[in-house]
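S.K.: Here is the input, now give the coordinates:
(chains A and B)
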There are 2 protein chains.
Amino acid sequence: MRYETLKPCTLLSPVPAVLVSVCGPQPGDKPNLITVAWAGTVNSEPPMVSVSVRKQRYSHDLIADSGEFVVNLMDERHCEALDFCGVRSGRDVDKFAAMRLEPMEAIGMSHAPAVRGLPGYLSCRVRQILPLGSHDLFLGEVVGVQVRDDLMREDGSLHLEEAGLVSYSHGVYQRTADVLGFFGYSVARPEVRKRRMAAYRRGR
Amino acid sequence: MRYETLKPCTLLSPVPAVLVSVCGPQPGDKPNLITVAWAGTVNSEPPMVSVSVRKQRYSHDLIADSGEFVVNLMDERHCEALDFCGVRSGRDVDKFAAMRLEPMEAIGMSHAPAVRGLPGYLSCRVRQILPLGSHDLFLGEVVGVQVRDDLMREDGSLHLEEAGLVSYSHGVYQRTADVLGFFGYSVARPEVRKRRMAAYRRGR
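M.R.: Numbering: from 1, shown residues only, chains lettered A, B, ... in the order given. A predicted model of the protein is given here:
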């Protein structure tokens, strides 16, 4: 087993590929979309996420000025829109219109909308902005969450593994597929493991 | 299309499921492993990643004291070890021995090792520690990267999409599968798009 050395780079993979929706705080401001792969969960209590955005990006100041952003989970059906919103600027194009995406009210937000039809979204309120170099790190507290009801079972459980979510690894978007296990499965009793894994398999 | 409202939670998905290897700075300190899903890329220049670790975790102080950690990318073959290292503590068990994993020297690190046999790793030096509540956010600069040479092609390109990397979504580990597109594919010329997508398909 041999290894090759690369120069230091952003190789952590897979990372989320999400569409962040934002809107300036002034009356008449239009919502915008920006694709973010430099995103992550950073805290459990309270639930917090981070998104990193280059200072030059159109959405950077919209987030800073409104103090809000919405993280939309992305499925494979919307991968092309996801890519488009990462390579075009809201200064030049109305991305909602160009990608035929529809904004909808996001719970807990005063300005930023969510995107209708996607698997779900997290409404986030900015708690801290940390300049790191090329990017500013926005730390947001999750203040609202909605998921599409076809991903919920009758028992109230959420089956996000059925959504075909998109991740990003070294320049490539990939579909999230087979369930390999559940948290704690390596130490679960055999019968628990069998029962739970069977439920996931039916799910796909 | 209807949505259900959940209480605010850490639903950002998929997130990376990585094994972080650490070692205290004292002579005789033994290396440890901790599974982290609250991880992300946070900056491009310089390349930086974040990992969030609960203050009570055994590895928390090892990272704080050594100022180092190594993020190991995980493939489906090692998913069970990945889960195990997330539910057991290094205070009670030697996780390397229990999972038959072998530490190897990580480039750029004085203390923390990498894990042999995994697709690759990022050596990180702690630049800042931010207490957020349940977790402390460690911001690390990537100072070294290695990848397994079977993931490199002769032209020097890296094909991480062939590694079968593991992500985590709402309590479930999933395999990263089909390539849906490459960065910029939504605006690429048809012949470029066709050629590049064909290369990925051959890869799987």
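S.K.: going forward, measure contacts and count neighbours with C-alpha atoms only.
M.R.: OK.
S.K.: residues in contact with stretch A:109-122?
M.R.: A:21-25, A:31, A:66, A:68-75, A:101-106, A:123-125, A:142-148, A:151, A:160, A:163, B:1, B:3, B:8, B:11-12 (CA atoms under 8 Å, 6 or more residues apart in numbering or on different chains).
S.K.: Please repeat the previous calculation with a cut-off of 6 Å.
M.R.: A:22-23, A:69-73, A:102-106, A:144-148 (CA atoms under 6 Å, 6 or more residues apart in numbering or on different chains).
S.K.: need the helix or strand of chain A with the lowest average pLDDT.
M.R.: Every helix and strand in chain A was compared by mean pLDDT, DSSP states H and E; the lowest is helix A:190-203, with a mean of 84.
S.K.: from the middle of its chain, how far away would that helix be?
M.R.: 27 Å (CA atoms, centre = their mean, to the nearest Å).
S.K.: And stretch A:10-30, by the same measure?
M.R.: Averaging C-alpha positions (CA atoms, centre = their mean) puts stretch A:10-30 8 Å from its chain's average.
S.K.: again, but for stretch A:144-156
M.R.: 17 Å.
S.K.: Show me the shaky parts of chain A.
M.R.: Applying pLDDT under 70 to chain A flags the ranges A:201-204.
S.K.: Which stretches in it count as helices?
M.R.: A:58-66, A:79-87, A:95-98, A:190-203 (DSSP state H).
S.K.: what about stretch A:26-37 and chain B, any contact?
M.R.: No: counting by CA under 6 Å from any CA of the partner chain, chain B has no neighbours in stretch A:26-37; the shortest distance is 7.8 Å.
S.K.: got the buried residues for that stretch?
M.R.: Going by neighbour count (16 or more other CA atoms under 10 Å in any protein chain shown), the buried part of stretch A:26-37 is A:31-37.
S.K.: repeat for stretch A:164-173
M.R.: Buried residues in stretch A:164-173, counted by 16+ other CA under 10 Å: A:164-170, A:172-173.
S.K.: go on, stretch A:187-204?
M.R.: Buried residues in stretch A:187-204, counted by 16+ other CA under 10 Å: A:193, A:197, A:200.
S.K.: The contacts of stretch A:109-122, buried ones only, as a PyMOL selection?
M.R.: For the buried members of those, the matching PyMOL selection, counting by 16+ other CA under 10 Å, is:
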select buried, chain A and resi 22+23+69+70+71+72+73+103+106+144+145+146+147+148
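S.K.: Which of the contacts of stretch A:109-122 fall in strands?
M.R.: Residues of those located in strands (DSSP state E): A:22-23, A:69-73, A:103-105, A:144-148.
S.K.: Which members of these are the farthest-apart pair?
M.R.: In the ones in strands among the contacts of stretch A:109-122, two members sit farther apart than any others by CA to CA. They are A:C23 and A:R148, at 22.5 Å.
S.K.: Taking the centroid of chain A, which residue is nearest it?
M.R.: By CA atoms, centre = their mean, the mean C-alpha position of chain A lies nearest to A:V18, the distance being 3.4 Å.
S.K.: is it true that A:S186 touches B:A81?
M.R.: No: at 7.5 Å, A:S186 does not count as touching B:A81 under the criterion of CA atoms under 6 Å.
S.K.: re earlier: show me which pair in the buried residues of stretch A:164-173 is furthest apart.
M.R.: A:G164 and A:H170 (19.2 Å).
S.K.: For A:P46, what are phi and psi?
M.R.: Backbone torsions of A:P46, given as degrees, to the nearest 10, read phi -80, psi 160.
S.K.: What is the burial count for it?
M.R.: Using other CA atoms under 10 Å in any protein chain shown, A:P46 has 17 other residues around it.
S.K.: Contact partners for it?
M.R.: A:P46 touches nothing, counting by CA under 6 Å, 6+ apart.
S.K.: how close does it get to A:S52?
M.R.: 19 Å (CA to CA, to the nearest Å).
S.K.: and chain B, which of the contacts of stretch A:109-122 reach it?
M.R.: When contact is defined as CA under 6 Å from any CA, the contacts of stretch A:109-122 meet chain B at A:144-148.
S.K.: Tabulate those in TSV, adding columns for distance to B:H135.
M.R.: Listed next are those as TSV, based on distance: CA to CA, whole Å:
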residue	distance to B:H135
A:G144	20
A:V145	21
A:Q146	24
A:V147	25
A:R148	29
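S.K.: Spit out the contact partners of A:A39.
M.R.: Applying CA under 6 Å, 6+ apart, the residues near A:A39 are A:50-51, B:40.
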